[in-house]
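1. Please find the sequence and the predicted model below.
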Amino acid sequence: MALFSSSTRQVPTIAAVPKHVAVIMDGNGRWAKKRFLPRVAGHVKGVELVREMVRACLEQGIEYLTLFAFSSENWRRPQEEVSLLMQLFVKALEQEVDKLHRNGVRLRIIGDLSPFDARLQQLIADAQVKTAGNTRLNLTVAANYGGRWDVMQGVNKMLAAQPEKREGWSEADLDPYLSMHYAPEPDLFIRTGGEERISNFLLWQLAYTELYFTPTLWPDFNTEEFAKAIASYQQRERRFGRTSEQLTEKPHA
Ligand code: IPE
Ligand code: IPE
Ligand code: MG
């Protein structure tokens, strides 16, 4: 049985504070370029903003934070940038995991981890084991992640689990095999850096998510900017297919 309801099968219950926030942290390169710095300086600064974001989620009681750190298409970047990003990922895991653990954060990395070097894969595995018992905040980092990859790996696992079944597959059959099976669908999606696209992030899970795009570059996306995104979310009317009038009607006794 799925842990959470699906927005297309039942109308989810919603609260003023989003339960799950998913973020495309974009604009690091442009932030650095504006300062005549190498692109990697933007990525380094970006890690600081991740810390700030985690702190804000802990303070506000947001239960799930999902961050897009490296897409399956980011391998197309210059090799030097890819390798600096990998080094930064290793360093961040080495330096941050203890602190996350002390703060009750459970860390998960989603994506195809197989191309990562052995050391990085080991750090990821250790961090996940270490923080597995934490429940205050579920922090997910998407690395070598792609929304289409996720759906396809899920479908493949689903089919392999019941080889005798020929037809009649449902959403509920697929749910447990998707990378984010442990989380409710995102309530709020934020993309910094001005582009208004999904870039192959959580395609399946964003079905009814409120989308928030801001020109603010990720290294400038501080707590005040995050508060603006939350305030925008709180103005939205989440209808899930119903009419506005239905939302204000008193439920029948
Ligand atoms: C996002 O910032 C970080 C990653 C994709 C790793 P970018 O590096 O895409 O920054 P811009 O879009 O070039 O400014
Ligand atoms: C999306 O950013 C991926 C991450 C933030 C990790 P990109 O900067 O790679 O996206 P596109 O290529 O501009 O769509
Ligand atoms: Mg970008």
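-> In hand now; what should we look at? Ligands and ions are numbered 1, 2, ... in the order given.

2. where does this structure have low pLDDT?
-> 1-3, 250-253 (pLDDT under 70).

3. Which strands or helices does the lengthiest helix in the chain pack on?
-> Counting residues, the longest helix found in the chain (DSSP state H) is helix 79-102. Here helix 79-102 touches helix 39-60, strand 64-71, helix 118-130, going by 3 or more C-beta pairs under 8 Å, 6 or more residues apart in numbering; DSSP states H and E. C-beta coordinates here come from the backbone N, C-alpha and C atoms, glycine included.

4. Pick the most deeply packed of those.
-> Ranked by mean neighbour count under mean count of other C-beta atoms under 10 Å, the helices and strands packed on helix 79-102 are led by strand 64-71, which reaches a mean of 22.

5. packing partners for it?
-> Using 3+ C-beta pairs under 8 Å, 6+ apart: strand 64-71 touches strand 20-24, helix 39-60, helix 79-102, strand 137-145.

6. JSON lines please, covering those and showing distance to ligand 2.
-> JSON lines is the format used below for the helices and strands packed on strand 64-71 (distance: least, C-beta to the nearest ligand atom, whole Å):
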{"stretch": "strand 20-24", "distance to ligand 2": "5"}
{"stretch": "helix 39-60", "distance to ligand 2": "9"}
{"stretch": "helix 79-102", "distance to ligand 2": "9"}
{"stretch": "strand 137-145", "distance to ligand 2": "7"}
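
7. out of those, which comes closest to residue 224?
-> Closest to residue 224 of those, according to C-beta to C-beta: helix 39-60, at 10.0 Å.

8. Point to the residue nearest the middle of this protein.
-> residue 66 (2.4 Å; C-alpha atoms, centre = their mean).

9. Now do the same contact list for residue 66.
-> Each residue near residue 66 by C-beta atoms under 8 Å, 6 or more residues apart in numbering is listed here: 20, 21, 22, 23, 139, 140, 141, 142, 180, 183, 186, 202.

10. what bridges to it?
-> With DSSP bridges applied, residue 66 shows beta-bridge pairing to residue 22, residue 140.

11. Any residues of the stretch 151-253 of the chain in contact with ligand 2? List them.
-> By the rule C-beta under 6 Å from any ligand atom, the part of the stretch 151-253 of the chain lying against ligand 2 is 195, 197, 199.

12. Output the residues you listed as TSV; include the columns secondary structure and distance to residue 234.
-> Converted to TSV, those look like this (DSSP: H, G, I helix; E, B strand; the rest coil; distance: C-beta to C-beta, whole Å):
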residue	secondary structure	distance to residue 234
195	coil	24
197	coil	24
199	coil	26
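
13. Considering those residues, which is situated nearest to ligand 1?
-> The nearest member of those to ligand 1, counting by C-beta to the nearest ligand atom, is residue 195 at 7.3 Å.

14. ok, how many other residues are close to the closest one?
-> Look at residue 195: counted by other C-beta atoms under 10 Å, it has 13 neighbours.

15. and it, what does it touch?
-> 26, 213.
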